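Asker: coords please:
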Amino acid sequence: MEIIQSRQVFDLVTPKREVTEHSRGQIECGGLLHREEYPARVTASMQYGPSVRALLTKRSVDHKMPLEQLSQLFKDLYGYNLNTTTMENTLEPAYKLAETLEKQTKVCLLAARAF
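Answerer: Here you go, the predicted model:
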């Protein structure tokens, strides 16, 4: 068979939430109790991963989406709401990281008399 023409359809995969559970074990050996450690990035009993934090930050900062709209977006895409406190706590480190860059940018602009 000879292919004489083709067509392509581009579509979006249905977003889905992925949950990874980390468990610690312990064992007694020689009278000493040995416990496993959680991965360093896992610091709470429930937390959001880097993809959730990246999406929140991008939509909040680049697209100026209010927290209520971000919560609705997560409900529409993934079937669960993010509460305001969770979103604020997730965004706070990003704001702190951006603070230094913002200060440096202001200094450079003022030095160049760009205003």
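Asker: pull out the buried residues from the longest helix anywhere in the chain.
Answerer: Secondary structure of the chain per DSSP state H: the longest helix is helix 84-111. By 16 or more other CB atoms under 10 Å, the buried positions in helix 84-111 come out as 86, 87, 90, 91, 94. (C-beta placed from N, C-alpha, C; glycine too.)
Asker: list the contacts for the closest residue to the fourth one other than its chain neighbours?
Answerer: Spelled out, that is residue 91. Nearest residue to residue 91, sequence neighbours excluded (CB to CB, 6 or more residues apart in numbering): residue 60, at 5.8 Å. For residue 60, the contact set (CB atoms under 8 Å, 6 or more residues apart in numbering) comprises 67, 70, 87, 91.
Asker: please, which helix or strand holds the residue nearest in space to the middle of the chain?
Answerer: The C-alpha lying nearest the average C-alpha coordinate of the chain belongs to residue 53 (CA atoms, centre = their mean; 1.6 Å). For residue 53, the element it lies in under DSSP states H and E is helix 50-57.
Asker: which positions in that helix come out as buried?
Answerer: For helix 50-57, the neighbour count (16+ other CB under 10 Å) marks 52, 53, 55, 56, 57 as buried.
Asker: what's the first helix or strand after it?
Answerer: Counting by DSSP H and E, the element after helix 50-57 in chain order, helix or strand, is helix 67-78.
Asker: now that next one and helix 50-57, what's the angle there?
Answerer: Interaxial angle of helix 67-78 relative to helix 50-57 (axes from the mean of the first three to the mean of the last three CA atoms, to 10 degrees): 140 degrees.
Asker: for helix 67-78, the distance to its chain's centre please.
Answerer: 14 Å (CA atoms, centre = their mean, to the nearest Å).
Asker: perfect, I'm done here.
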